[in-house]
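Asker: Structure of the sequence below:
(one chain, ligands or ions: 2)
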Amino acid sequence: MQYRDFGRTGIKMSALGFGAMRLPHEEKDGVSRINTEESIRIIHRSFELGVNYIDTAFGYGESEIVVGKALRKWKKRIYLSTKVPVWNMEKRKEFRQKLEEQLGRLGVSSIDFYHLHGISYEIFENKVKKLKLHKEAMKAMDEGLIKHLSFSSHDKPSMIMKILEEGDFFSSMLCQYNLLDRANEDAMEAAYRKGIAVVVMGPVGGGRLTSSDLLVRGMKGNVRTTPELALRFVLSNPWVSVAISGMNTMEMVEENVRAASIRRPLTKAQLSSLEEFIRERKSKKEIPCTSCEYCMPCPRGVAIPQIFQLMNYATVYGLKELARSRYGKIASTDKVKREKADSCVECGACEKKCPQKIGIIRELRKCHKSLG
Ligand code: SF4
Ligand code: SF4
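Answerer: Ligands and ions are numbered 1, 2, ... in the order given. Next up, the predicted model:
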C-alpha cells in the first residue's frame, strides 16, 4: 500500500480508502440487510492489507453500526470518517444531537473526519454559516468528540471553489472524480494548495467502469483491468490523497489494494494515449450534449439529456449493458415526469432551443433503437 500526506493534518493516509456505502447484503425473512459478519471480514482484510481510512455516513442505513463493530480492535490504527446530514437542520443544537447519536451508533468516543454531507454552496450559506454549525463543530473539536471537520459535495466545481474559499475550517474534502467525470480537477487543485486533503469518491465511476474493458484495450497492455486503470488514473492525479472504493467482496479488496500499491503513476505518455483514445471515440461517436437542459422541459416528459448521456456511455465507453439497464429504468414518478425516447411526438420544440444544434429527434430515435 502507498501512503500519502493528508493535507495539513500531518497524517500519512493509505491511498485506498474503504467505502462502506455498499456493504454486502443478505436476505432475512424477506428483508435485505447488511451481512454484518461478511462485511466485518472484508473490512478487516482491507485493514490487514494496509488500508487505514474507512468512510461511512449517517445516511448509509446500518453502515455506521457495522463499521463501529469492525473498528472495535482496530480503532487506534484506523482513521474513521463519517458524514452528517445538515440540509434539513433548523436549529444549531440539532448538530450536536446528531453527533451524539452517531457516536452512539458507531460505539466510539471520537470521530476523526466528520463530514458535512453533500453540501452545496447554498446549504453552506443557508445552513452551515447561518446556523453557525461550524462553530458547533469547533466546540465538539475542543471536547475531543471530533478531530477534524470536512465536507463532501456534488455541487458544480465553481460552487465547490466558493466553499473552499470561505471554509478555512475544513481539513479535507470529498468529491467525485473519475475517468468519466473530470470536472472537479481545478477545485481539487485549489483544495490541495490550501492544505485541504482531497479524497475522491466514485473512482471507478460508481461501478460503471467495471463493465467495459474498452479503455483497457486503449491502454495497449499497460494495465490489467478496468478497475486498476480507473484507480491508477485517480491516484496519478497529484492533488489526490485518498481514493475511496465501495468494496463488497474479498476479490475487490485484493484487486484494489494491488492497484493502489503500484507506486508509479500512469506516465504522461500513458495518460495522453488514454486521452487520445477517448478523444477519438468521442469525436466519432459522441452526441455533443452538454446537459445544459435548455431543451427541457419536454412537453411529453422525454428525459433528453439523461438519454443522451446513457447513449454516450454505450458508444464512447463501451458500457452498453449498463446503459441499456439504466435506460430501462427511466420512468415518471408522482413528482417528476421522465419518459423514454419513444414518447417523443416530434413536435420540434426542443431542437429550436439546443445551443449545440443537435438533431434531437433523429438522435432520440437512434437511442431508443439501441437502448430500448
Ligand atoms: S421533439 Fe420530442 S423530445 Fe423534443 S420537445 Fe417535442 S416531444 Fe419532446
Ligand atoms: S439543449 Fe442540447 S445540449 Fe442542452 S441538454 Fe438539451 S440536447 Fe443537450
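
Asker: what's the nearest residue to residue 163 if we skip its chain neighbours?
Answerer: residue 124 (5.1 Å; C-beta to C-beta, 6 or more residues apart in numbering). All C-beta spots, glycine's among them, are computed from the backbone N, C-alpha and C.

Asker: Also residue 161?
Answerer: Residue 161 sits nearest to residue 187 (C-beta to C-beta, 6+ apart), 5.3 Å away.

Asker: Quick check: that neighbour vs ligand 1, distance?
Answerer: As for residue 187, its distance to ligand 1 is 33 Å (criterion: C-beta to the nearest ligand atom, to the nearest Å).

Asker: Now do the helix or strand where that residue lies, average pLDDT.
Answerer: Using DSSP states H and E, residue 187 maps to helix 185-193. Here helix 185-193 scores 96 as its mean pLDDT.

Asker: CA-only coordinates of it, as PDB, when you get a sec.
Answerer: Taking C-alpha atoms only, helix 185-193 is exported to PDB below (Å, rounded to 0.1, in the frame of the first residue of the first chain):
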ATOM      1  CA  GLU A 185      -9.900  18.900 -11.300                       C
ATOM      2  CA  ASP A 186      -9.500  22.700 -10.700                       C
ATOM      3  CA  ALA A 187     -11.400  22.500  -7.400                       C
ATOM      4  CA  MET A 188      -9.200  19.600  -6.300                       C
ATOM      5  CA  GLU A 189      -6.000  21.600  -7.100                       C
ATOM      6  CA  ALA A 190      -7.400  24.600  -5.200                       C
ATOM      7  CA  ALA A 191      -8.100  22.400  -2.100                       C
ATOM      8  CA  TYR A 192      -4.700  20.800  -2.300                       C
ATOM      9  CA  ARG A 193      -3.000  24.200  -2.500                       C
END
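
Asker: so what secondary structure elements neighbour the helix or strand following that helix?
Answerer: Downstream of helix 185-193, the next assigned helix or strand under DSSP H and E is strand 197-201. Here strand 197-201 touches strand 53-55, strand 172-176, helix 185-193, strand 242-246, going by 3 or more C-beta pairs under 8 Å, 6 or more residues apart in numbering; DSSP states H and E.

Asker: so strand 197-201 versus strand 172-176, what angle?
Answerer: 30 degrees (axes from the mean of the first three to the mean of the last three C-alpha atoms, to 10 degrees).

Asker: Quick check: neighbours of strand 197-201 in the sheet, parallel or antiparallel?
Answerer: Partners of strand 197-201 in the sheet, by DSSP bridges, are strand 172-176 (parallel), strand 242-246 (parallel).

Asker: just how off-centre is the first one within its chain?
Answerer: Relative to the centre of its chain, strand 172-176 is centred 8 Å away, using C-alpha atoms, centre = their mean, to the nearest Å.

Asker: separation between whichever residue of the stretch 51-200 of the chain sits closest to ligand 1 and residue 282?
Answerer: Closest contact between the stretch 51-200 of the chain and ligand 1, by C-beta to the nearest ligand atom, is at residue 180 (24.7 Å). Distance of residue 180 to residue 282, given as C-beta to C-beta, to the nearest Å: 11 Å.

Asker: Show me which of the two is the more surrounded one.
Answerer: When neighbours are counted by other C-beta atoms under 10 Å, residue 180 and residue 282 differ, and residue 180 comes out ahead with 21 against 15.

Asker: these two touch, right, that one and residue 312?
Answerer: No. Counting by C-beta atoms under 8 Å, residue 180 does not reach residue 312; the two are 9.3 Å apart.

Asker: helices or strands next to the helix holding residue 187 in the packing?
Answerer: Using 3+ C-beta pairs under 8 Å, 6+ apart: helix 185-193 touches helix 157-166, strand 172-176, strand 197-201.

Asker: which residues of this protein score low on pLDDT?
Answerer: 205-215, 217-222 (pLDDT under 70).

Asker: domains in it, as residue ranges please.
Answerer: 3-267, 286-371 (automatic domain parsing).

Asker: What is the end-to-end distance of the shortest one?
Answerer: Its first and final residues considered, domain 286-371 spans 15 Å by C-alpha to C-alpha, to the nearest Å.

Asker: Can you mark which positions in the strand or helix carrying residue 278 are buried?
Answerer: Secondary structure from DSSP H and E places residue 278 in helix 268-285. Within helix 268-285, the residues scored as buried using 16 or more other C-beta atoms under 10 Å are 270-271, 273-274, 277-278, 281.

Asker: ditto for stretch 153-162
Answerer: For stretch 153-162, by 16+ other C-beta under 10 Å, it's 153, 155, 159-161.

Asker: Repeat that for stretch 363-372.
Answerer: For stretch 363-372, by 16+ other C-beta under 10 Å, it's 363-364, 367-368, 370-371.
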